[in-house]
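In: could you look at this predicted model? Sequence included:
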Amino acid sequence: MKLLMHTCCAPCSVYCIKTLRKENIEPTVYWYNPNIHPYVEYRLRRDCLKEYTESINIKAIFQEEYGLDNFCKNVIGDLQNRCVNYCYRVRLEQTAKYAKENGYDTITTTLLVSPYQKHEELKNICEEIAKKYDLDFLYRDFRIGFREGQEEARKAGLYMQKYCGCIFSEESRYNFHNSAKTDISTDTSDIREQMPQVKRIENKEDYIGLLLEADPSKASIMKYLQDSDVYGLKLNDEIISLAVILHIDKNTLELKNLVTKSEYRNKGYAKRLLKHLCGNYKQKYSKMIVGTTENNIPFYVKQGFDKYEKTIKNYFIDMAEEEIKNGELVCTDLIYYSKDLKKK
(Lines give C-alpha, C1' and ligand atoms only; values in the text may rest on other atoms or scores of the structure.)
Protein backbone atom coordinates (compact mmCIF):
# COMPACT_ATOMS: atom_id res chain seq x y z
CA MET A 1 0.00 0.00 0.00
CA LYS A 2 1.23 3.46 -0.91
CA LEU A 3 -0.93 5.86 1.06
CA LEU A 4 -1.43 9.61 0.51
CA MET A 5 -3.12 11.18 3.50
CA HIS A 6 -4.77 14.55 3.05
CA THR A 7 -3.88 16.49 6.19
CA CYS A 8 -5.72 19.55 7.47
CA CYS A 9 -3.36 20.46 10.34
CA ALA A 10 -0.71 19.08 12.67
CA PRO A 11 -2.91 18.43 15.76
CA CYS A 12 -5.39 16.35 13.77
CA SER A 13 -2.58 14.33 12.22
CA VAL A 14 -1.07 13.21 15.54
CA TYR A 15 -3.43 10.32 16.31
CA CYS A 16 -3.90 9.36 12.66
CA ILE A 17 -0.17 8.95 12.01
CA LYS A 18 0.41 7.19 15.33
CA THR A 19 -2.38 4.67 14.67
CA LEU A 20 -1.36 3.96 11.08
CA ARG A 21 2.26 3.41 12.06
CA LYS A 22 1.10 0.85 14.63
CA GLU A 23 -0.48 -0.98 11.68
CA ASN A 24 2.86 -0.75 9.83
CA ILE A 25 1.33 1.74 7.39
CA GLU A 26 3.56 4.71 6.60
CA PRO A 27 1.43 7.51 5.11
CA THR A 28 2.69 10.44 3.10
CA VAL A 29 1.24 13.65 4.49
CA TYR A 30 -0.37 15.87 1.84
CA TRP A 31 -1.17 19.52 2.58
CA TYR A 32 -3.77 21.12 0.32
CA ASN A 33 -6.20 23.40 2.17
CA PRO A 34 -7.34 26.44 0.17
CA ASN A 35 -10.34 26.77 2.51
CA ILE A 36 -8.24 28.07 5.41
CA HIS A 37 -8.47 31.84 5.94
CA PRO A 38 -7.24 34.44 6.63
CA TYR A 39 -3.69 34.09 5.36
CA VAL A 40 -2.13 34.47 8.81
CA GLU A 41 -4.12 31.39 9.91
CA TYR A 42 -3.22 29.49 6.73
CA ARG A 43 0.46 30.16 7.33
CA LEU A 44 0.36 29.20 11.02
CA ARG A 45 -1.23 25.80 10.30
CA ARG A 46 1.00 25.06 7.32
CA ASP A 47 4.24 25.98 9.09
CA CYS A 48 3.28 24.03 12.21
CA LEU A 49 2.64 20.93 10.09
CA LYS A 50 6.00 21.38 8.35
CA GLU A 51 7.83 21.50 11.67
CA TYR A 52 5.87 18.55 13.10
CA THR A 53 6.39 16.23 10.12
CA GLU A 54 10.11 16.98 10.16
CA SER A 55 10.26 16.24 13.89
CA ILE A 56 8.68 12.78 13.49
CA ASN A 57 10.54 11.99 10.25
CA ILE A 58 7.53 11.50 7.97
CA LYS A 59 7.36 12.46 4.31
CA ALA A 60 5.20 15.52 3.67
CA ILE A 61 4.13 17.23 0.47
CA PHE A 62 2.90 20.83 0.55
CA GLN A 63 0.80 22.06 -2.34
CA GLU A 64 0.36 25.79 -1.91
CA GLU A 65 -2.92 27.47 -2.76
CA TYR A 66 -4.44 30.20 -0.67
CA GLY A 67 -7.88 30.02 -2.26
CA LEU A 68 -10.03 32.75 -0.73
CA ASP A 69 -11.37 34.06 -4.06
CA ASN A 70 -12.47 30.67 -5.41
CA PHE A 71 -13.79 29.64 -2.01
CA CYS A 72 -16.08 32.64 -1.75
CA LYS A 73 -17.26 32.36 -5.34
CA ASN A 74 -18.29 28.76 -4.75
CA VAL A 75 -19.91 28.87 -1.30
CA ILE A 76 -21.79 32.14 -0.84
CA GLY A 77 -24.86 30.77 -2.58
CA ASP A 78 -25.30 28.03 0.04
CA LEU A 79 -23.24 28.73 3.16
CA GLN A 80 -24.93 26.10 5.31
CA ASN A 81 -23.73 23.29 3.04
CA ARG A 82 -20.30 24.68 2.18
CA CYS A 83 -18.39 21.85 3.89
CA VAL A 84 -20.03 19.00 1.98
CA ASN A 85 -20.54 20.78 -1.34
CA TYR A 86 -17.16 22.49 -1.57
CA CYS A 87 -14.63 22.26 1.28
CA TYR A 88 -14.43 18.47 1.46
CA ARG A 89 -14.68 17.91 -2.26
CA VAL A 90 -12.12 20.41 -3.50
CA ARG A 91 -9.45 19.13 -1.10
CA LEU A 92 -10.10 15.42 -1.58
CA GLU A 93 -10.40 15.75 -5.35
CA GLN A 94 -6.97 17.37 -5.51
CA THR A 95 -5.56 14.71 -3.18
CA ALA A 96 -6.84 11.97 -5.49
CA LYS A 97 -5.44 13.72 -8.58
CA TYR A 98 -2.02 14.01 -7.00
CA ALA A 99 -2.13 10.40 -5.82
CA LYS A 100 -3.03 9.10 -9.27
CA GLU A 101 -0.35 11.16 -11.00
CA ASN A 102 2.39 10.24 -8.54
CA GLY A 103 2.08 6.49 -8.03
CA TYR A 104 -0.04 6.31 -4.88
CA ASP A 105 -2.77 3.67 -4.80
CA THR A 106 -4.67 4.68 -1.65
CA ILE A 107 -5.99 7.90 -0.11
CA THR A 108 -7.37 8.95 3.26
CA THR A 109 -7.77 12.15 5.29
CA THR A 110 -7.18 13.41 8.82
CA LEU A 111 -10.61 15.03 8.64
CA LEU A 112 -11.90 11.64 9.78
CA VAL A 113 -10.50 12.29 13.27
CA SER A 114 -12.66 15.29 14.04
CA PRO A 115 -16.01 14.86 15.84
CA TYR A 116 -16.95 18.30 14.50
CA GLN A 117 -16.92 17.25 10.83
CA LYS A 118 -19.84 15.66 8.97
CA HIS A 119 -18.31 12.20 9.22
CA GLU A 120 -20.70 10.07 7.15
CA GLU A 121 -20.89 12.63 4.34
CA LEU A 122 -17.11 12.89 4.38
CA LYS A 123 -16.72 9.11 4.19
CA ASN A 124 -19.14 8.93 1.24
CA ILE A 125 -17.27 11.66 -0.63
CA CYS A 126 -13.94 9.89 -0.08
CA GLU A 127 -15.37 6.65 -1.44
CA GLU A 128 -16.86 8.44 -4.44
CA ILE A 129 -13.68 10.30 -5.35
CA ALA A 130 -11.42 7.28 -4.82
CA LYS A 131 -13.60 5.25 -7.17
CA LYS A 132 -13.53 8.05 -9.75
CA TYR A 133 -9.71 7.93 -9.86
CA ASP A 134 -9.47 4.14 -9.54
CA LEU A 135 -7.86 4.35 -6.10
CA ASP A 136 -8.50 2.63 -2.79
CA PHE A 137 -9.90 4.58 0.13
CA LEU A 138 -8.48 3.68 3.53
CA TYR A 139 -11.30 4.26 6.00
CA ARG A 140 -10.64 4.53 9.71
CA ASP A 141 -12.94 6.11 12.26
CA PHE A 142 -10.15 8.05 13.91
CA ARG A 143 -12.62 9.94 16.13
CA ILE A 144 -12.05 7.47 18.96
CA GLY A 145 -8.61 9.00 19.44
CA PHE A 146 -9.47 12.67 18.92
CA ARG A 147 -9.01 13.72 22.58
CA GLU A 148 -5.86 11.66 22.92
CA GLY A 149 -4.37 13.25 19.82
CA GLN A 150 -5.30 16.75 20.93
CA GLU A 151 -3.68 16.21 24.32
CA GLU A 152 -0.47 14.95 22.72
CA ALA A 153 -0.48 17.94 20.39
CA ARG A 154 -0.75 20.36 23.33
CA LYS A 155 2.10 18.64 25.16
CA ALA A 156 4.21 18.88 22.01
CA GLY A 157 3.51 22.62 21.82
CA LEU A 158 1.75 22.46 18.44
CA TYR A 159 -0.35 25.39 17.27
CA MET A 160 -3.95 24.65 18.31
CA GLN A 161 -6.42 26.38 16.03
CA LYS A 162 -9.71 27.64 17.42
CA TYR A 163 -11.99 27.07 14.43
CA CYS A 164 -12.45 24.73 11.49
CA GLY A 165 -10.75 26.78 8.81
CA CYS A 166 -12.76 29.18 6.68
CA ILE A 167 -13.74 32.75 7.49
CA PHE A 168 -17.37 31.72 7.99
CA SER A 169 -16.48 29.11 10.61
CA GLU A 170 -14.35 31.74 12.38
CA GLU A 171 -17.32 34.12 12.37
CA SER A 172 -19.59 31.42 13.83
CA ARG A 173 -17.07 30.73 16.59
CA TYR A 174 -16.79 34.44 17.36
CA ASN A 175 -20.56 34.91 17.51
CA PHE A 176 -21.01 31.84 19.73
CA HIS A 177 -18.24 32.95 22.07
CA ASN A 178 -19.64 36.45 22.45
CA SER A 179 -23.32 35.52 22.72
CA ALA A 180 -22.74 34.46 26.33
CA LYS A 181 -21.38 37.89 27.09
CA THR A 182 -24.33 39.81 25.69
CA ASP A 183 -26.03 41.90 28.33
CA ILE A 184 -29.65 42.40 27.36
CA SER A 185 -31.15 45.26 29.32
CA THR A 186 -34.66 44.81 30.62
CA ASP A 187 -35.05 48.48 31.52
CA THR A 188 -37.68 49.79 29.08
CA SER A 189 -37.92 53.26 30.63
CA ASP A 190 -37.17 56.07 28.23
CA ILE A 191 -36.94 53.57 25.34
CA ARG A 192 -38.09 56.20 22.83
CA GLU A 193 -35.05 58.32 23.62
CA GLN A 194 -32.74 55.35 23.05
CA MET A 195 -34.07 54.38 19.60
CA PRO A 196 -31.35 55.26 17.02
CA GLN A 197 -32.29 57.42 14.06
CA VAL A 198 -30.69 57.77 10.62
CA LYS A 199 -29.59 61.32 9.77
CA ARG A 200 -28.03 62.75 6.61
CA ILE A 201 -24.66 64.35 7.41
CA GLU A 202 -23.81 67.69 5.81
CA ASN A 203 -20.66 68.60 7.78
CA LYS A 204 -18.83 65.59 6.36
CA GLU A 205 -15.27 66.60 7.15
CA ASP A 206 -16.07 66.84 10.85
CA TYR A 207 -16.16 63.02 10.91
CA ILE A 208 -12.79 62.32 9.26
CA GLY A 209 -11.47 60.92 12.53
CA LEU A 210 -14.14 58.22 12.71
CA LEU A 211 -13.93 57.42 8.98
CA LEU A 212 -10.18 56.87 9.33
CA GLU A 213 -10.90 53.88 11.60
CA ALA A 214 -12.27 52.02 8.55
CA ASP A 215 -10.18 53.61 5.81
CA PRO A 216 -6.65 54.50 7.01
CA SER A 217 -5.90 56.83 4.08
CA LYS A 218 -7.06 60.42 4.59
CA ALA A 219 -6.22 61.19 0.96
CA SER A 220 -8.47 58.34 -0.16
CA ILE A 221 -11.33 59.53 2.04
CA MET A 222 -11.09 63.12 0.82
CA LYS A 223 -11.12 61.88 -2.77
CA TYR A 224 -14.54 60.24 -2.47
CA LEU A 225 -16.12 62.16 0.42
CA GLN A 226 -17.24 65.31 -1.38
CA ASP A 227 -19.09 63.39 -4.10
CA SER A 228 -20.74 60.96 -1.70
CA ASP A 229 -23.83 60.84 0.48
CA VAL A 230 -22.96 60.47 4.16
CA TYR A 231 -25.44 59.15 6.70
CA GLY A 232 -25.09 58.70 10.42
CA LEU A 233 -26.91 56.61 12.99
CA LYS A 234 -27.75 58.93 15.86
CA LEU A 235 -28.28 57.66 19.40
CA ASN A 236 -29.10 60.14 22.17
CA ASP A 237 -27.67 63.13 20.25
CA GLU A 238 -24.50 61.21 19.35
CA ILE A 239 -23.51 59.93 15.90
CA ILE A 240 -22.35 56.40 16.61
CA SER A 241 -22.15 54.92 13.10
CA LEU A 242 -21.42 56.33 9.63
CA ALA A 243 -21.95 55.15 6.06
CA VAL A 244 -20.53 56.80 2.94
CA ILE A 245 -22.30 56.06 -0.36
CA LEU A 246 -20.79 57.02 -3.72
CA HIS A 247 -22.97 57.20 -6.85
CA ILE A 248 -21.26 55.22 -9.66
CA ASP A 249 -23.88 55.43 -12.41
CA LYS A 250 -27.65 55.57 -12.77
CA ASN A 251 -28.01 51.98 -11.52
CA THR A 252 -25.05 51.44 -9.21
CA LEU A 253 -23.85 52.70 -5.83
CA GLU A 254 -20.67 51.94 -3.93
CA LEU A 255 -20.46 51.67 -0.16
CA LYS A 256 -17.12 53.41 0.40
CA ASN A 257 -17.03 53.43 4.18
CA LEU A 258 -19.02 51.87 7.01
CA VAL A 259 -17.78 52.41 10.54
CA THR A 260 -19.07 52.40 14.12
CA LYS A 261 -17.49 53.95 17.19
CA SER A 262 -15.50 51.34 19.06
CA GLU A 263 -17.67 51.36 22.20
CA TYR A 264 -20.80 50.61 20.14
CA ARG A 265 -19.43 47.81 17.92
CA ASN A 266 -20.83 44.27 17.72
CA LYS A 267 -24.30 45.49 18.70
CA GLY A 268 -25.88 45.56 15.25
CA TYR A 269 -25.73 49.32 14.64
CA ALA A 270 -23.80 49.16 11.35
CA LYS A 271 -26.18 46.46 10.13
CA ARG A 272 -29.17 48.64 11.05
CA LEU A 273 -27.77 51.65 9.22
CA LEU A 274 -26.86 49.66 6.11
CA LYS A 275 -30.27 47.96 5.98
CA HIS A 276 -32.02 51.34 6.19
CA LEU A 277 -29.94 52.81 3.37
CA CYS A 278 -30.39 49.79 1.09
CA GLY A 279 -34.13 50.04 1.63
CA ASN A 280 -34.16 53.71 0.67
CA TYR A 281 -31.81 53.49 -2.31
CA LYS A 282 -33.61 50.56 -3.92
CA GLN A 283 -36.31 52.96 -5.08
CA LYS A 284 -33.87 54.42 -7.64
CA TYR A 285 -30.91 52.04 -7.83
CA SER A 286 -30.57 48.33 -8.54
CA LYS A 287 -27.08 47.50 -7.28
CA MET A 288 -24.68 48.37 -4.46
CA ILE A 289 -21.04 47.24 -4.40
CA VAL A 290 -18.51 47.19 -1.58
CA GLY A 291 -14.77 46.60 -1.44
CA THR A 292 -13.61 44.90 1.75
CA THR A 293 -10.90 42.85 3.46
CA GLU A 294 -11.04 39.10 4.19
CA ASN A 295 -12.18 39.49 7.78
CA ASN A 296 -15.26 41.48 6.80
CA ILE A 297 -16.54 39.22 4.01
CA PRO A 298 -18.92 37.21 6.30
CA PHE A 299 -20.57 40.42 7.54
CA TYR A 300 -21.30 41.73 4.05
CA VAL A 301 -22.42 38.36 2.65
CA LYS A 302 -24.99 38.15 5.44
CA GLN A 303 -26.23 41.62 4.52
CA GLY A 304 -26.98 40.43 0.99
CA PHE A 305 -23.68 41.26 -0.74
CA ASP A 306 -23.54 37.72 -2.07
CA LYS A 307 -22.14 38.16 -5.58
CA TYR A 308 -18.38 38.20 -6.01
CA GLU A 309 -17.24 40.93 -8.41
CA LYS A 310 -13.44 41.23 -8.45
CA THR A 311 -10.23 41.41 -6.43
CA ILE A 312 -7.63 44.17 -6.55
CA LYS A 313 -4.43 42.39 -5.63
CA ASN A 314 -2.09 44.07 -3.12
CA TYR A 315 -4.36 47.12 -2.89
CA PHE A 316 -3.54 47.90 0.74
CA ILE A 317 0.17 47.25 0.25
CA ASP A 318 0.38 49.62 -2.73
CA MET A 319 -1.71 52.40 -1.18
CA ALA A 320 0.04 52.71 2.18
CA GLU A 321 3.61 53.21 3.31
CA GLU A 322 3.01 51.21 6.49
CA GLU A 323 1.43 47.81 7.10
CA ILE A 324 -2.35 48.03 7.57
CA LYS A 325 -4.05 45.58 9.92
CA ASN A 326 -7.63 44.51 10.55
CA GLY A 327 -7.36 42.81 13.92
CA GLU A 328 -4.51 40.29 13.50
CA LEU A 329 -4.94 40.20 9.71
CA VAL A 330 -2.46 42.12 7.58
CA CYS A 331 -4.57 43.67 4.83
CA THR A 332 -3.40 42.93 1.30
CA ASP A 333 -6.17 42.53 -1.30
CA LEU A 334 -9.37 44.58 -1.75
CA ILE A 335 -12.22 42.19 -2.53
CA TYR A 336 -15.46 43.40 -4.12
CA TYR A 337 -18.95 42.01 -3.63
CA SER A 338 -22.32 43.32 -4.75
CA LYS A 339 -25.91 43.34 -3.52
CA ASP A 340 -29.00 43.25 -5.72
CA LEU A 341 -31.09 46.00 -4.15
CA LYS A 342 -34.23 44.83 -5.92
CA LYS A 343 -33.93 41.27 -4.66
CA LYS A 344 -36.36 40.37 -1.88
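Out: Perfect, thanks for sending it.
In: other residues contacting stretch 260-275?
Out: By C-beta atoms under 8 Å, 6 or more residues apart in numbering, the list of residues contacting stretch 260-275 from outside reads 178, 196, 198, 210, 213, 231-233, 235, 240-243, 255, 258-259, 299, 303. Yep, even glycine has a C-beta here, placed from its N, CA and C like the rest.
In: give me the number of residues near the residue lying closest to residue 116 once chain neighbours are set aside?
Out: Distance criterion C-beta to C-beta, 6 or more residues apart in numbering; nearest residue to residue 116, sequence neighbours excluded, is residue 164 at 6.7 Å. Applying other C-beta atoms under 10 Å, we find 19 residues neighbouring residue 164.
In: am I right that residue 164 is in a helix?
Out: No. Under the criterion used here (DSSP: H, G, I helix; E, B strand; the rest coil), residue 164 is coil, not part of a helix.
In: and it, what is it in contact with?
Out: Here residue 164 is in contact with 83, 116, 117 (C-beta under 8 Å, 6+ apart).
In: thinking again about what came up before, now list the buried members of the contacts of stretch 260-275.
Out: 196, 210, 231-233, 235, 240-243, 255, 258-259, 299, 303 (16 or more other C-beta atoms under 10 Å).
In: just these: which are in strands?
Out: 231, 232, 233, 235, 240, 241, 242, 243, 255, 258, 259 (DSSP state E).
In: centre of the chain to stretch 299-310, how far?
Out: 12 Å (C-alpha atoms, centre = their mean, to the nearest Å).
In: okay, how far is it across it, tip to tip?
Out: Taking C-alpha to C-alpha, to the nearest Å, stretch 299-310 runs 18 Å from one end to the other.
In: what sits up against that stretch?
Out: So stretch 299-310 is contacted by 69, 72-73, 76-77, 79, 171, 270-271, 274-275, 278, 288-290, 292, 335-340, 343 (C-beta under 8 Å, 6+ apart).
In: likewise for stretch 94-104?
Out: Outside stretch 94-104, the residues that reach it (C-beta under 8 Å, 6+ apart) are 2-4, 6, 28, 30, 32, 61, 63, 105-107, 109, 129-130, 132-135.
In: how about 10 Å then?
Out: For stretch 94-104, contacts defined as C-beta atoms under 10 Å, 6 or more residues apart in numbering pick out 1-7, 27-28, 30-34, 61, 63, 65, 105-109, 126, 128-137.
In: kindly report the same for stretch 117-130.
Out: 6, 8, 12, 81, 83-85, 87-89, 91-97, 99-100, 105-109, 111-114, 135-139, 141-143, 164.
In: now, which of those lie within strands?
Out: Among those, DSSP E puts 6, 106, 107, 108, 109, 136, 137 in strands.
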